[in-house]
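**Student:** coordinates only, sequence not included:
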Ligand SMILES: Nc1ncnc2c1ncn2[C@@H]1O[C@H](COP(=O)(O)OP(=O)(O)OP(=O)(O)O)[C@@H](O)[C@H]1O
Ligand SMILES: [Mg+2]
């Protein structure tokens, strides 16, 4: 069977036989009106991501990498095609239901951080935990561990505008991992960091991945890409053919 073009029902059936699949995309497209025509940011994207994958998405600026990551992160509803996340048919869910799935399972590092300006570092890190069934009393221990791990304890009462770009990026990564999500989506997570800090983030991702967390990162860095098990290249919204031999 040509699984790349499996029908929705057969793909759903196949899901039952392959519970190890976390993400299954079929013919996903995203376009914007451009004068009288349309500009396609994603073209017929079909992709399977098993649980435990560490996947890198690369490609030139404007290729559609952030668009794909936002679509996977369920931030965006203006796309067509099919998206299964575990047993959820995301393409059939309304925005509220998508938010529930996202809050339960996904940590997202935005290319431009998107920290909440009116909340301190500590409060920003508490937000993902507030979406889960983590009791208020248990939250502080978890947040303090993460502050410690990222060596930002001294910054916990500051607001994002009082941090450097690199520090905001560290907080953004900390926020993505604080609630131990099943999936981490990271858009250029080390773009503003010193190479040693970048290495530490990649080592952290490697460790989380070894513990079963699925990671999908977008990067322009070959060093960061070398931490992953698979590299996909996007160009003009299309996934390029994967190499048949590793390396
Ligand atoms: N709201 C929008 N309206 C029109 N075009 C858009 C919109 N958002 C994104 N695009 C276009 O979609 C394309 C893909 O953008 P995207 O942000 O996904 O690129 P990228 O691969 O992440 O690039 P970079 O490496 O620079 O971050 C770009 O050509 C961009 O101009
Ligand atoms: Mg981008």
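**Tutor:** Okay, I see it. Model, not experiment: these values are computed from the prediction. Ligands and ions are numbered 1, 2, ... in the order given.
**Student:** CA only for contacts and neighbour counts going forward, please
**Tutor:** Will do.
**Student:** Excluding covalently adjacent residues, which one is nearest to residue 158?
**Tutor:** Excluding its sequence neighbours, the residue lying closest to residue 158 (Cα to Cα, 6 or more residues apart in numbering) is residue 120, at 5.2 Å.
**Student:** where does the chain come near ligand 1, residue by residue?
**Tutor:** Counting by Cα under 6 Å from any ligand atom, the chain comes close to ligand 1 at 32, 41, 60, 61, 62, 63, 64, 65, 66, 67.
**Student:** How about the fifth one: what's its closest non-neighbour residue?
**Tutor:** To tie it back to what came earlier, the one meant is residue 62. Distance criterion Cα to Cα, 6+ apart; nearest residue to residue 62, sequence neighbours excluded, is residue 236 at 7.2 Å.
**Student:** show me the contacts for the one you found.
**Tutor:** 40, 41, 42, 43, 62, 63, 64 (Cα atoms under 8 Å, 6 or more residues apart in numbering).
**Student:** Of the residues you listed, select the buried ones using a PyMOL command.
**Tutor:** Buried members of those, defined by 16 or more other Cα atoms under 10 Å, are picked up in PyMOL with:
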select buried, resi 40+41+42+43+63+64
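**Student:** Pull the number of nearby residues for residue 85.
**Tutor:** Other residues within reach of residue 85, judged by other Cα atoms under 10 Å, total 19.
**Student:** Residue 215 too?
**Tutor:** Look at residue 215: counted by other Cα under 10 Å, it has 25 neighbours.
**Student:** For whichever strand or helix holds it, name the packing helices and strands.
**Tutor:** Following DSSP states H and E, one finds residue 215 within strand 214-218. Counting contacts by 3 or more Cα pairs under 8 Å, 6 or more residues apart in numbering; DSSP states H and E, strand 214-218 packs against strand 54-58, helix 65-72, strand 183-187.
**Student:** repeat that for 10 Å
**Tutor:** strand 37-50, strand 54-58, helix 65-72, strand 106-109, strand 183-187, helix 195-210, helix 222-225, strand 230-235 (3 or more Cα pairs under 10 Å, 6 or more residues apart in numbering; DSSP states H and E).
**Student:** Relative to it, what are the paired strands and their orientations?
**Tutor:** Using DSSP bridges, the strands paired with strand 214-218 are strand 54-58 (parallel), strand 183-187 (parallel).
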